[in-house]
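Student: Quick one, structure for this:
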Amino acid sequence: MADAALRLTALAEELLGEPLPVRIRAWDGSESGPPGAPVLVIRNRRALRRLLWKPGELGLARAWVAGELEIDGDLYETLNLMAGLLWERGADAKDTVHPIRDPKVRAAARSLLQLAGPWPPPPPPPEEVRRRTGTLHTKRRDKEAISHHYDVGNDFYELVLGPSMVYSCAYWEDGGSLEGAQRDKLDLVSRKLALKEGDRLLDVGCGWGSMAIHAAREYGAQVTGVTLSTEQAAYARKRIAEEGLTDRIEIRVQDYRDVRDGPYDAISSIGMAEHVGLVRYREYADDLFALLKPGGRLLNHQIARRPERDESAYHVDDFIDAYVFPDGELAPLGRTVATLEEAGFEARDVESIREHYALTLRHWVANLEKHWDRAVALTSPGRARVWRLYMAASALSFEHNKIGVNQILAVRPVGGGSSRMPLRARVWKASATD
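Tutor: Okay, the predicted model is just below:
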């Protein structure tokens, strides 16, 4: 009798203490759960072995990446329902699921063992980062982490990001396009930095060169871009040559900690500081402060998390750490601003653009889904699945205010304390040469 779905539903509801909001379709063809709800498809019993070996998010992620779990229905709706079920029930709810001494949990584990099939669990998918040892955020380890995420292939990123090749939050107007919104974001950064002809701009984590090209072409800046990704650097240099801007832009494969040719008039750091790490953030702030001339401006565009009641309890999301951004860490906005000011900066403006990132991510997901077969051919089925899940889940996190993104404008004050900022800086007027 095909009854795996019914048995799994009963087990889950027993453990969670409430009805499942999704249907389950099992490998034996059985289904169970509320009619009309999105369907969580368990294609292979290996998914259960993964969950038994790594209960929670990492086990689910491994099964998803391996193609053993799928969703039949709206991805965003299903993730919302699953988030409410597993990740938003609070600390007390987590305690009801995990302790192995709980007789109810032990009984459920025995039942799952019967359904899961032969032991041991399968190995993690090849897309998973191998567990890393040693000190966090050394130059070598950071380079390896960046390579894992960004050296996936420029053709793949073109499918997802579109022609702008900007991998950070766009700046939207109603009815605008992704390309236009990314152009508006680059221009917003340029105007906040008050770029003008001949200014030296350091673009930290320059990606595929979009900010550098915009600043040089539209504002006449002399730009140095640094990245740890060799693929990004090659792509950026090719674009710059095609634009005829090689006399205005230099792209280096270089750690920001090794930049020594300041002072710069302005520094942009767009979507890079999330990789710096909490233990290195003050060093990051000190280095950028030293590279700026007095009166120079820093635009730090960075994702932030909500503060924890006990900050020592913060840990990196298992799925993100294992498959997306190894060693990436998020800090609360207040901590970031405080660290920048401790380094000597004066924070002059903070703009939250959280909702803009949710829109951006939904467009990236749509691009990936539209070009799914090509994306799989360029990378792997598992890598494409990683990206679809991480971007969709991230969009929901921004929409529900679980995480945010902020542009922090800071200055290095000149002697006597002057910021050289206009009284009404929020107008963000274009430079005087326009």
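Student: dump the residue contacts of Glu329.
Tutor: Taking Cβ atoms under 8 Å, 6 or more residues apart in numbering, we find Glu329 in contact with 274, 276-278, 316. Placement of C-beta: from N, CA and C, glycine included.
Student: change it to 10 Å
Tutor: 136-137, 273-281, 305, 314-316, 321 (Cβ atoms under 10 Å, 6 or more residues apart in numbering).
Student: Filter these down to the buried ones, PyMOL style.
Tutor: To isolate the buried members of those in PyMOL, using 16 or more other Cβ atoms under 10 Å:
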select buried, resi 137+273+274+275+276+277+280+281+305+321
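Student: and the contacts of Glu329, which of them are in strands?
Tutor: Among the contacts of Glu329, the members falling in strands (DSSP state E) are Arg305.
Student: now for the contacts of Glu329, which pair is the farthest apart?
Tutor: Ala273 and His315 (19.0 Å; Cβ to Cβ).
Student: can you give me the strands in the chain?
Tutor: Using DSSP E, the strands of the chain run over 23-25, 31-32, 39-42, 69-72, 200-204, 222-227, 249-253, 264-270, 292-305, 346-352, 403-411.
Student: before we move on, back to that, closest one of the contacts of Glu329 to Ala5?
Tutor: Asp321 (31.3 Å).
Student: was I right about that closest one contacting Leu58?
Tutor: Yes. Assessed by Cβ atoms under 10 Å, Asp321 is found in contact with Leu58 at 9.1 Å.
Student: shared neighbours of those two, which are they?
Tutor: Glu128.
Student: What about Val152, how many residues nearby?
Tutor: Using other Cβ atoms under 10 Å, Val152 has 21 neighbouring residues.
Student: Check whether it really touches Arg383, as I assumed.
Tutor: Yes. The criterion here is Cβ under 10 Å, and Val152 meets it with Arg383 at 6.6 Å.
Student: Number of residues surrounding Leu20?
Tutor: Counted by other Cβ under 10 Å, the residues lying close to Leu20 total 20.
Student: my bad, Arg25
Tutor: 20.
Student: can you check Gly334 too?
Tutor: 11.
Student: And the helices in the stretch 151-300 of the chain?
Tutor: Using DSSP state H, counting those that start in this stretch, the helices of the stretch 151-300 of the chain run over residues 154-161, 178-192, 210-219, 230-243, 281-291.
Student: and of these, who's closest to Arg130?
Tutor: helix 230-243 (20.4 Å).
Student: And that closest one, what's buried?
Tutor: 231-233, 235-237, 239-240.
Student: swap in stretch 216-231?
Tutor: Residues of stretch 216-231 classed as buried: 216-219, 221-229, 231 (neighbour count, 16+ other Cβ under 10 Å).
Student: and what of stretch 287-304?
Tutor: In stretch 287-304, counting by 16+ other Cβ under 10 Å, buried: 287-289, 291-292, 295-304.
Student: Tell me the one of the residues you listed nearest Ala181?
Tutor: So of these, ranked by how close each gets to Ala181 (Cβ to Cβ), first place is His301, at 14.1 Å.
Student: Please name the bridge partners of the closest one.
Tutor: Ile270, Gln407 (DSSP bridges).
Student: show me what contacts it?
Tutor: Per Cβ under 10 Å, 6+ apart, neighbours of His301: 168-169, 185, 188-189, 192, 205, 211, 268-273, 351, 353, 405-409.
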